[in-house]
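Q: Below: sequence and its predicted model.
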Amino acid sequence: MSLLERLNQDMKQAMKNKDKETLSVIRMVKASLQNEAIKLGKDGLSEEEDLTVLSRELKQRKDSLHEFKEAGRDDLVAKLEDEIKILQAYMPEQLSEEELEDIVKQTIQEVGATSKQEMGKVMGAIMPKVKGKADGTLVNKLVLKHLS
């Protein structure tokens, strides 16, 4: 089942359950997917492009969450945390820190990086491998740990 089919199915269920919050998040994701398809001039997106849009939506909410926490807006924090939970249901299973660390070590060897100056080269090689499966901040932290 494609992401769009799953979103449509979940949207119907959310309408039946009168779950306004889930319905709102699903509609926003569907709009983002549609906007991306229009931007790329395609009728539909590939699985990888779907994942890119989902990751972007999730990242935007995580960034906003951080800002709202700093501003002390507890009402918005709770709403965003719920939205993040709903979005994460559509993301692929996240890699454990150990699995991610193995990928980081392997990629550092493949690239032949030895210092922090080559961090960009390593990150550029790792991120396509872990797209949607790991948080970029954690990847960054692990790469720094292994390049020092």
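A: Looks like it came in fine. Numbering: from 1, shown residues only.

Q: how close does Leu142 get to Ala14?
A: Distance of Leu142 to Ala14, computed by Cβ to Cβ, to the nearest Å: 37 Å. Where you see a C-beta, it was placed from the backbone N, CA and C, and this is true even at glycine.

Q: go on, His146?
A: His146 is 43 Å from Ala14, by Cβ to Cβ.

Q: between those two, who's got more neighbours?
A: For His146 against Ala14, the residue with the higher neighbour count under other Cβ atoms under 10 Å is Ala14, and the figures read 19 against 15.

Q: right, and the more buried one touches Ile26 too?
A: Yes - between Ala14 and Ile26 there is a contact at 6.3 Å, judged by Cβ atoms under 8 Å.

Q: Show me the shaky parts of this protein.
A: Applying pLDDT under 70 to the chain flags no residue at all.

Q: Report the central residue of it.
A: Nearest residue to the geometric centre of the chain (Cα atoms, centre = their mean): Ser55, 2.5 Å.

Q: Can you tell me the element it falls in?
A: Secondary structure here is read from DSSP states H and E; on that basis Ser55 sits in helix 47-71.

Q: counting contacts, what elements does that helix pack onto?
A: With contacts defined as 3 or more Cβ pairs under 8 Å, 6 or more residues apart in numbering; DSSP states H and E, the secondary structure elements packing on helix 47-71 are helix 3-17, helix 20-40, helix 74-88.
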